[in-house]
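[1] Attaching a predicted model along with its sequence, questions to come.
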Amino acid sequence: MFKLNTLHQLHDDIAARVKTISDDNQDWLCRIGCDGCCRRLAEIPRLTIEEWQWLKIGLAALPSDQLEDIKLDISALAEQTSRPIICPMLNQTEGACRVYEHRPVACRTYGFYVQRELGLYCKDIEALVDQGAYSEVVWGNHDTIDRRLSGLGETRDLTEWFADSFNPSK
């Protein structure tokens, strides 16, 4: 059994922080249609087992054709060596996540929290801040999020979780 309440509390805490930023900055870039972060992943997403269990619920709710598309994209991703990566959950035509309510923590924080040393932050928002827009912005502390995630069990690449769960030979 996984610690869904712990993961949901983390989701709620992130949502509260994101709402504050969005409410204070009505033109904040992170909205449906802004999919730059989904199209420019530096690495295969890593998820805790708790996040994976939550994501699997979202995947199971998808129409079979969408799940098959995601399976193909993840298989290709497992072999891809070039960067950047396009998230396999992204509906590239609509610019929207197919499992939005079940998306991992990294997706919930991108654009709102910063890991500068890893280059994990929205360069578009940073450019606007540098130009004087969003002058009141205080970036979130991603280290706190990482510490909370570390208590949610094993962490593996999305492709590994997916192969173990959706590979018929296992």
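    That came through, no problem.
[2] Quick check: end-to-end length of stretch 56-66?
    End-to-end distance of stretch 56-66 (C-alpha to C-alpha, to the nearest Å): 14 Å.
[3] Kindly provide the whole-number mean pLDDT of that stretch.
    Averaged over stretch 56-66, pLDDT sits at 96.
[4] Enumerate the positions of that stretch that are buried.
    Neighbour counts over stretch 56-66 (16 or more other C-beta atoms under 10 Å) mark Lys56, Gly58, Leu59, Leu62 as buried. Glycine gets a C-beta too; all of them are placed from N, C-alpha and C.
[5] quick check, nearest of those residues to Arg108?
    Gly58 (13.1 Å; C-beta to C-beta).
[6] my read: that closest one touches Cys107, true?
    No: using C-beta atoms under 8 Å, Gly58 makes no contact with Cys107, being 11.5 Å away.
[7] residue ranges for the helices of this protein, please.
    4-24, 36-39, 49-60, 64-79, 105-109, 123-130, 142-150, 158-166 (DSSP state H).
[8] next one: the second one to chain centre, how far?
    By that I understand helix 36-39. Offset of helix 36-39 from its chain centre (C-alpha atoms, centre = their mean, to the nearest Å): 10 Å.
[9] mind listing what's buried in that helix?
    For helix 36-39, the neighbour count (16+ other C-beta under 10 Å) marks Cys37, Cys38 as buried.
[10] now the fourth one
    If you call a residue buried by 16+ other C-beta under 10 Å, then helix 64-79 has these buried ones: Leu67, Ile70, Lys71, Asp73, Ile74, Ser75, Leu77.
[11] same thing with the longest one?
    Of the residues in helix 4-24, those with enough neighbours to count as buried (16+ other C-beta under 10 Å) are Leu7, Leu10, His11, Ile14, Arg17, Val18, Ile21.
[12] what separates the residue most central in space within the chain from Cys97, distance-wise?
    With distances taken as C-alpha atoms, centre = their mean, Cys107 lies nearest the centre of the chain, 2.0 Å away. Per C-beta to C-beta, to the nearest Å, Cys107 is found 7 Å from Cys97.
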